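Engineer: based on what follows, work out the 3D shape:
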Amino acid sequence: MRAAKVVIAAFMIMVVAFPLVPGASAGEVKSENLTLATTSLQTQDDRIFFQSNAVRAFDQVTVACPGTCTVRVEVAAELNIQANDAVQMVAVIDGSASNTEPNSAITSENNPNFGFFGARTFSWISTNLTGSVDVDVAFRTFGSTGQARHRTLTVQVFQQP
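Structural biologist: So this is what the prediction gives:
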């Protein structure tokens, strides 16, 4: 019983102390007081294979901004990657990788001893957009052949104040 109290006390200290730790970074992008305008959902169950040339993971999604907007893209995928390789998920919002934050290409899994089979999720945002916005998502590896099967794409459009 005493051990349980110590674990609970340690957890409470972490919860209380966590907000006091500075978390902002120089590359942080904030978009606050947003109003959700629309959401687009897409799932794919077909198996795709990809290598160093990126392969589109979903059909392109086009959304309309109500005035100035922020677009949030979330991808969840079941991935199969060979040992000593990595998968890179690439999101391009409004035709530009430079306005896709935190980075348009996110790399996951580079284990020299084992391959990887499991699910990964990541989100991107792009701010200060107007008009019609295209969203593209692709996967690639750095050498071997990777696979993705069960995949979900969520695209949310938020109206900026």
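Engineer: touching, Q147 and L79? I think so.
Structural biologist: Yes - taking contacts as C-beta atoms under 8 Å, Q147 lies within contact range of L79: 7.1 Å. C-beta coordinates here come from the backbone N, C-alpha and C atoms, glycine included.
Engineer: these two: who's more crowded?
Structural biologist: L79 (23 against 18; other C-beta atoms under 10 Å).
Engineer: the more buried one: which element?
Structural biologist: Assigned by DSSP states H and E, L79 falls within strand 69-81.
Engineer: which secondary structure elements does that strand sit against?
Structural biologist: With contacts defined as 3 or more C-beta pairs under 8 Å, 6 or more residues apart in numbering; DSSP states H and E, the packing partners of strand 69-81 are strand 87-93, strand 116-129, strand 132-141, strand 146-159.
Engineer: that strand pairs with which strands, and in what direction?
Structural biologist: strand 116-129 (antiparallel), strand 146-159 (antiparallel) (DSSP bridges).
Engineer: so which residues make contact with the first one?
Structural biologist: So the one you mean is strand 116-129. 29, 31, 65, 68-81, 87, 89, 91, 93-94, 96, 99-102, 104, 106, 108-109, 133, 150, 160 (C-beta atoms under 8 Å, 6 or more residues apart in numbering).
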